[in-house]
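1. Sequence and predicted structure, then a few things I'm wondering about:
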Amino acid sequence: MKKIEQAKQKKQIKKRNRFIFRSSILVVLFGALLFAVVSNLIAEEEATLDIGDKAKDFQLKRVANNEDAKKSTLQLSDLEGKGVMLNFWATYCEPCEREMPYMEKLYPKYQEQGVEIVAVSVDATELVIDKFVDHYDLSFPVLHDKDSQVLDAYGIRPLPTTYFIDENGVVVERVLGELSLERLEGYLQQIVPKET
Amino acid sequence: MSIIKCSTCGHQNKEGTTICEKCGKPLDYDQQGTLLNMRYDGSAIRSKTKNRSIVDKIWNFFSSIKVGVSLIAIALIASALGTIYPQKMYIPQNIDPALHYRDQYGLSGQIFYQLGFHNLYNSWWYMVLIALIGISIFIVSIDRGVPLYKALKNQAIKRHPNFLKRQKLFGEYKDYNEEDKTDFINKLKKHRYKITENDGHFLAEKGRFSRWGPYVNHLGLIIFLLGTLFRFIPFMYVDDFVWVREGETAVIPSTNQQYYIKNEEFIFETYGNDDEDAIFEAALQNTSGPVPKHFETSAIIYEDVSKDVIGSEPELKEINSGEIIVNEALKINDLALYQDSYQLNEFQTMSFKLHEADDEEEAAIAEFTVDLTDPESEYEFDNGYRVELNRFYPEYELDNGQPRSISNYPRNPGFVFFVHGPDIEEREASFLAIGQNIPSGDNQYKLSLTDFGVRDVSGLTVRKDLTLPIIGLGAFIFMIGVIQGMYWQHRRVWIHQGEDRIYIACHTNKNWYGLTKELEKVIDGTSFTMVQDQEKNNDT
């Protein structure tokens, strides 16, 4: 009798060990699989700053669309407490050009509600931005990312790319490509600071 | 677990065993005398033994060769389908892929795009497929390699006569003397067989290690796959690109704005400018345009040592400098910059002169130079004239009759100038571009291009790859496994001492021809006749 019991016990231990061995190998292998797929999906997104992330702070020179602002710099963290629409654009980009009048149109209304519009141009020369700003009579701050540092930090690929950042500096929405007037207004409403 | 008890020796074999582990008697009770399946030496493949918990079920699924081969077949078919049309990265980047595939390739292109084949090799399902193959290889190796190892390590020297009789090469000898037997064994020894003996029964074996070949090469494959997996970690792998203009300092991408590169000079040489190139003269005449001979970027790499916020003026400290020539990279730690491409003669400056429109001599009233990298909006002269640069288009194109720039780079600059002067009532406008000089009306004064300056643009690949040693190691181990399994064979000769006769049976895992030839040499000179190929006998 004893022998049978011993054999049974041995079998039990063997079975358990086998289960542990197989489970741990499967966990490791499927873990690696999951890692590969997730990393691949993240890599495809390209832009490094995503919804839910804290917007990276930066400072850039303002372009002279306003004599007071001439040659002053603007730092993103100075705008904390306000909702910020951060638009990356260039004068040679047609869709960017199309959405500029919409931004200008909605700016006064949302500025009153605590939303700031900041347009970062990736143009090479300040002259073309100046002329563009004059032409469209833009009143919101336009910044010049001459050395593409902010472009690189934000991992911007297509132009325009627009971030909508809430009063706490967290990215609420990221839009790749052109915005219509309706969609723009919808997003702006999302980042109006809540009254506390 | 059910157990198969050997009817001869009473050894308890695991379920799934086909040849008794102890005495080597075939357990399939086949009386026909058909040849034995010697795969895995008759040991039970682990997964075939039981099938209870969910873990065991998953394990069994992946341990199936059928599943593995199917996965490989699916991956092969998918990979082939992906080559029908160009992948997404090889089509023009400024067009919506949905439109490109439809317009270029019609309906089949649209299907190709809709099914996601335009980005096949990076798609999640393709990755999963490759990973599943990896998992299958891993589990199959454990599942078959371990029992095979155990079976061969503990193999019995004395085998049941039925085992010998059912081998492919078999001989049965009644008339022999002991001398011949020892002679035969000694000759096997000379052929580098390892001889073990038990009760007058012999086993001669060589090349067992070749059986591990497949498992070694699987190990190599798994290391290789792991290496490719590490490419997703930015610390291990970077693949980026940067354009730097001569004289410009640009931030190196994928370094978190830590490093900057300055293009001091781009050197470009073509064939035919050298006495040594005289031998190529005939060949050069058959080509259109210059043939590049050598190009390099003389560059300096800086590190931004300031800890200021992004976008503020970097504080640059030189850390490396030198020439970047195609495969001779300039390095910062593990990050290497390789020469990839170039754009020659991009405009940098343009010089103009102002003169009277009807002056045939075109005597200059004023001269000025526009720096295209940072143009000024006004150029004033002492004699009262003033030129205003009203519009600047770096790369101008006509869009519905309106000029506009299509890029940032002065490849085809266009200008709108306003000329003001003491004898000009308001202003005179004109549009200038390469080969174009259009006055706005009946202008008194005219601007003419007098000179221009150009510079080259260097395209550099930014690359860091710490996975290469791992991938190399995997490939090396894979190759060892292939060689091990291909160039050696596991050969065994059993000599069973019966009561009044002797049985000889032989087995090899591959290359039966080689084994037969070897046995002919061993048997030659003894009184034994050559062992019979039972497979051939059955056929005829």
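-> Everything's here; your move.

2. does B:Val238 sit in a helix, a strand or a coil?
-> Under the three-state scheme (DSSP: H, G, I helix; E, B strand; the rest coil), B:Val238 adopts strand.

3. pretty sure it is touching B:Leu466, no?
-> No: contact criterion Cβ atoms under 8 Å: B:Val238 and B:Leu466 do not qualify, at 9.6 Å. C-beta here means a position set from N, CA and C on the backbone, and glycine is covered the same way.

4. Looking at the two now, which is surrounded by more residues?
-> For B:Val238 and B:Leu466, the more surrounded residue by other Cβ atoms under 10 Å in any protein chain shown is B:Val238, and the numbers stand at 19 against 15.

5. Give me the nearest residue to that one, chain neighbours excluded.
-> Of all residues not flanking B:Val238 in the chain, B:Lys464 sits nearest, at 4.0 Å (Cβ to Cβ, 6 or more residues apart in numbering or on different chains).

6. Report the buried residues of stretch B:134-147.
-> Within stretch B:134-147, the residues that count as buried by 16 or more other Cβ atoms under 10 Å in any protein chain shown are B:134-145, B:147.

7. so who does residue 59 touch?
-> Picking chain A for this. Shown in contact with A:Gln59 (Cβ atoms under 8 Å, 6 or more residues apart in numbering or on different chains): A:73-76, B:309-312.

8. nope, chain B please
-> Contacts of B:Trp59 (Cβ under 8 Å, 6+ apart): A:22, A:26, B:47, B:139, B:143.

9. What are the phi and psi values at the last one?
-> For B:Asp143, the backbone dihedrals (degrees, to the nearest 10) come out as phi -70, psi -30.

10. just B:Glu205 next, same as before
-> Dihedral angles (degrees, to the nearest 10) for B:Glu205: phi -140, psi 140.

11. Who are the contact partners of the closest residue to it other than its chain neighbours?
-> Spatial nearest neighbour of B:Glu205, excluding adjacent residues (Cβ to Cβ, 6+ apart): B:Arg492 at 4.8 Å. B:Arg492 is in contact with B:203-205, B:506-508, counting by Cβ under 8 Å, 6+ apart.

12. Point out where chain B drops to low pLDDT.
-> B:1-2, B:29-33, B:45-51, B:93-94, B:537-540 (pLDDT under 70).

13. What sits closest to the residue of the stretch 101-250 of chain B found nearest chain A if chain neighbours are left out?
-> Proximity of the stretch 101-250 of chain B to chain A (Cβ to the nearest Cβ) peaks at B:Phe232, 3.4 Å away. Nearest residue to B:Phe232, sequence neighbours excluded (Cβ to Cβ, 6+ apart): A:Ser39, at 3.4 Å.

14. where does the helix or strand hosting the one you found sit relative to the chain's centre, distance-wise?
-> According to DSSP states H and E, A:Ser39 maps onto helix A:2-45. Remark: helix A:2-45 is offset 39 Å from the chain centroid, using Cα atoms, centre = their mean, to the nearest Å.

15. So B:Thr17: helix, strand or coil?
-> coil.

16. what about the helices in chain A?
-> In chain A, the helices defined using DSSP state H lie at A:2-45, A:94-112, A:126-136, A:149-154, A:181-190.

17. Likewise for chain B?
-> Here chain B has its helices, by DSSP H, at B:46-49, B:54-63, B:65-81, B:97-114, B:124-153, B:161-165, B:178-190, B:213-229, B:281-285, B:468-487, B:512-523, B:534-539.

18. any idea how far chain B is from A:Val192?
-> Noted for A:Val192: a distance of 26 Å to chain B, by Cβ to the nearest Cβ, to the nearest Å.
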